[in-house]
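Chemist: Got a predicted model here, sequence first, then my questions.
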There are 2 protein chains.
Amino acid sequence: MDERIREHARTLVEWSARVEAGDDVVVSVGMDAHELGVAVAEQLGEKGATPVFTYSSGELTRAYRLAHDGAFEAADHELALYENADVVLSLRGGRNTSATADVPSETRQQAARAEQAVREARMNTDWVSTVHPNRSLAQQAGMAFEEYQQFAYDAIVRDWEDLAERMALVKDVLDEGSDVRLVTADTDLTMSIENRVAVNSAASVAYDSHNLPSGEVFTAPHATEGEVLFDVPMTLNGQRVRDVHLTFEDGVVVDYSAGQNESVLTEIVETDDGARRLGELGIGMNRGIDRFTDNILFDEKMGDTVHLALGRAYGSNFPEGHEDEANESAVHADLITDVSEDSRMEVDGEVVQRDGVFWFEDGF
Amino acid sequence: MDERIREHARTLVEWSARVEAGDDVVVSVGMDAHELGVAVAEQLGEKGATPVFTYSSGELTRAYRLAHDGAFEAADHELALYENADVVLSLRGGRNTSATADVPSETRQQAARAEQAVREARMNTDWVSTVHPNRSLAQQAGMAFEEYQQFAYDAIVRDWEDLAERMALVKDVLDEGSDVRLVTADTDLTMSIENRVAVNSAASVAYDSHNLPSGEVFTAPHATEGEVLFDVPMTLNGQRVRDVHLTFEDGVVVDYSAGQNESVLTEIVETDDGARRLGELGIGMNRGIDRFTDNILFDEKMGDTVHLALGRAYGSNFPEGHEDEANESAVHADLITDVSEDSRMEVDGEVVQRDGVFWFEDGF
């Protein structure tokens, strides 16, 4: 076995999910994530945990949903599985990222409603999602397979403890601050982060962070004013969207445009009231990620980037008892801007990041 | 999709498992059974059943068991899954039939003990096991892949209703009869089947038959006398065994030999007291199976064959309330003899099968 796969599994089981002896674990194995499944099985054996392996394939999901009449029912047996699980590890990786492309969105929504209870039970476990770098994901990234493997392991197999300490510095500044200003050549945006709690997303359930890789600090801004250009191309609703430009007044999008597929942006902002407000401000701090690969799990964590999401906010960004104040929306659309050049971020008027470099880093 | 895969899935879901709308189904998908998984997902969608897909791979099992210290624990979450399931469909098919070859037998036994409750919960569902014909199984059979596919679908996609009716004739004769005599060039064996119930194993839970393909009628003989030669090679305990010869007196093996790997036979008959008695007499009636492929799921169902098993008997062969009279043993070793030539089977002195042909068939 490629030793990097074993390191990935060890990072997932030990750092991310904090698996202990006796834990009942569900491992969801993607069709093309088998090798990582073997490595995770080995780690779980070493820990003395007890796994059930489930199979995740867009092709099976598609076949089932297309053949069904749409009156999907709740899965009592699946619910029982997750209600009795301590940990859920999702090893993503199919052979075709478009495997469910022809499932009508109405069918998706019907199925999602029936799966609500199972989804909530899964979220009540120590769950972590990761991806096994495979040829399908390499293709999506426009990279050779071996090149993509190295890219992915650089992002995943890291000194997470060290990164968590650096991210804690940024979290502290956001927790103490009230106003954030982001300035680039085409952006000048101010947001309030008063009464918000930043999350140090260090790829571990111990940090309330459920993705591997991670490496961002995020909060839930409000009272947004100004304009912002997102110069990183994104796939939204299955379509490539470029150069999204948003203008905010009093926290709400009052004007928007995109250089490509603007209609997707229209769909998003017209979903509901919450879709015109920001749900997230995220600061990418994973310097193991050195390029955009059209995969949000990696793109939004990249060092030298800042992302904002239209729509739903996370309850974890609110003080205890105030989680229900989070912006509500059926969408959460992440948009990314490159801050490596001609940029600065200020918190209460103090520059904390300039041209991608934080105040505590060399070269600031 | 190959239309035969769809037919296989339809046979499994409709004829074998009798899946109905609202059923909670667990589908175990082997690493190399993905295509059948897609077809089964489609059938379950059409039925309006609710599936959970689990992943079955000898490679994951091996990695887990070898890394574990051996003190395996019961899986509460897996137990909850099966206790809440109506139907379990196992789609077998790995990429290497020897995937767990180096797991010590002690480790296997430790794991099996921890899985006892889960196994029982699974047996309490309408469970059916089948195999997806793949390259690994073709290799085991010594056949080309396309040749093996056709072989497997000939055995699986059949007019099961018609075969069930023919098998019912044989079941009736066995249920009414008291003594069976099997005679070939090297065999003359008499067995009592008094107070036994024959099972019409028609590949459907409606017939208490849980394998697809099936196609045998079996009962639990006792008071065996005489000698028998099994001329079909078998893989027992991972080794190839040929020309097993057994001599019975008063129901017990008093002499045995094998033309190859006799030590495996010694291991089996010395396991426990029950291992020296017969647990099963099975009459193969699936004429879709035209050759031996070193896979018991197919071999013992082949038309023109009779098999006997040393060891454990099935409770289903005993009248209600008498299931505990079944021969007990830790082993159930099937041995097969070819009856296509120079053979006859008598029930209470009446010939019911001659040279493989039954009394109700043309050419008898």
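Modeler: Nice, I can see it.

Chemist: Tell me, how many residues neighbour A:Val103?
Modeler: Using other CB atoms under 10 Å in any protein chain shown, A:Val103 has 17 other residues around it. Bear in mind the C-beta positions are built from the backbone N, C-alpha and C, glycine included.

Chemist: just the strands in the stretch 201-350 of chain A please.
Modeler: Per DSSP state E, counting those that start in this stretch, the stretch 201-350 of chain A carries strands over the ranges A:211-212, A:216-219, A:222-230, A:234-236, A:239-241, A:244-249, A:252-257, A:278-284, A:305-311, A:332-338, A:344-347, A:350-354.

Chemist: just for the stretch 1-150 of chain A, where's the confidence low?
Modeler: Filtered on pLDDT under 70, the stretch 1-150 of chain A yields no residues whatsoever.

Chemist: let's see 90
Modeler: A:105, A:108-109 (pLDDT under 90).

Chemist: which stretches of it form strands?
Modeler: Counting by DSSP E, counting those that start in this stretch, the stretch 1-150 of chain A has strands at residues A:24-30, A:50-56, A:87-92, A:126-131.

Chemist: thinking again about what came up before, tell me which of the strands of the stretch 201-350 of chain A lies nearest to chain B.
Modeler: Nearest to chain B, of all the strands of the stretch 201-350 of chain A, is strand A:211-212, at 19.4 Å by CB to the nearest CB.

Chemist: Could you give the separation of the closest one from the chain centroid?
Modeler: Remark: strand A:211-212 is offset 8 Å from the chain centroid, using CA atoms, centre = their mean, to the nearest Å.

Chemist: Centre-most residue in chain A?
Modeler: The structure's chain A has its C-alpha centroid closest to A:Leu297; by CA atoms, centre = their mean the separation is 4.8 Å.

Chemist: Nearest to B:Arg354, out of the strands of the stretch 201-350 of chain A?
Modeler: strand A:211-212 (67.3 Å; CB to CB).

Chemist: Quick one: residues in contact with the closest one.
Modeler: Here strand A:211-212 makes contact (CB atoms under 8 Å, 6 or more residues apart in numbering or on different chains) with A:Thr11, A:Leu12, A:Ser16, A:Val128, A:Ser129, A:Thr130, A:Ile156, A:Ser201, A:Ala203, A:Leu297.

Chemist: Out of those residues, flag the one nearest to chain B.
Modeler: Distances from chain B to these, taken by CB to the nearest CB, are shortest for A:Leu12, at 14.4 Å.

Chemist: hang on, isn't the closest one packed against A:Val40?
Modeler: Yes: here A:Leu12 reaches A:Val40: they are 6.5 Å apart, a contact under CB atoms under 8 Å.

Chemist: Looking at these two now, which is surrounded by more residues?
Modeler: Between A:Leu12 and A:Val40, A:Val40 has the larger neighbour count (other CB under 10 Å), namely 32 against 26.

Chemist: wouldn't A:Trp359 be in contact with A:Val351 here?
Modeler: Yes: look at A:Trp359 against A:Val351 with CB under 8 Å: they come within range, at 7.1 Å.

Chemist: closest point of the stretch 151-300 of chain A to chain B, which residue?
Modeler: Proximity of the stretch 151-300 of chain A to chain B (CB to the nearest CB) peaks at A:Val205, 17.4 Å away.

Chemist: any idea how far A:Asp23 is from that residue?
Modeler: 12 Å (CB to CB, to the nearest Å).

Chemist: where are the low-confidence patches of the stretch 201-350 of chain A?
Modeler: Judged by pLDDT under 90, the stretches of the stretch 201-350 of chain A that qualify are A:235, A:237-239, A:330.

Chemist: Need the strands of the stretch 201-350 of chain A in CSV (columns: distance to B:Arg4).
Modeler: Below are the strands of the stretch 201-350 of chain A laid out as CSV (distance: least, CB to CB, whole Å):
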stretch, distance to B:Arg4
strand A:211-212, 41
strand A:216-219, 49
strand A:222-230, 50
strand A:234-236, 37
strand A:239-241, 38
strand A:244-249, 49
strand A:252-257, 52
strand A:278-284, 49
strand A:305-311, 47
strand A:332-338, 44
strand A:344-347, 61
strand A:350-354, 61
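
Chemist: hmm, back to that, can you list the strands of the stretch 1-150 of chain A in JSON lines and add mean neighbour count?
Modeler: What follows is the strands of the stretch 1-150 of chain A, written out as JSON lines (neighbours: other CB atoms under 10 Å in any protein chain shown):
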{"stretch": "strand A:24-30", "mean neighbour count": "25"}
{"stretch": "strand A:50-56", "mean neighbour count": "24"}
{"stretch": "strand A:87-92", "mean neighbour count": "25"}
{"stretch": "strand A:126-131", "mean neighbour count": "22"}
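
Chemist: and B:Leu278, which of the ones you listed is closest to it?
Modeler: Among the strands of the stretch 1-150 of chain A, the nearest to B:Leu278 by CB to CB is strand A:50-56 (37.4 Å).

Chemist: one step back: for the strands of the stretch 201-350 of chain A, give me a markdown table that also has mean neighbour count.
Modeler: A markdown table is the format used below for the strands of the stretch 201-350 of chain A (neighbours: other CB under 10 Å):
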| stretch | mean neighbour count |
| --- | --- |
| strand A:211-212 | 24 |
| strand A:216-219 | 26 |
| strand A:222-230 | 19 |
| strand A:234-236 | 20 |
| strand A:239-241 | 16 |
| strand A:244-249 | 20 |
| strand A:252-257 | 14 |
| strand A:278-284 | 25 |
| strand A:305-311 | 24 |
| strand A:332-338 | 21 |
| strand A:344-347 | 19 |
| strand A:350-354 | 17 |
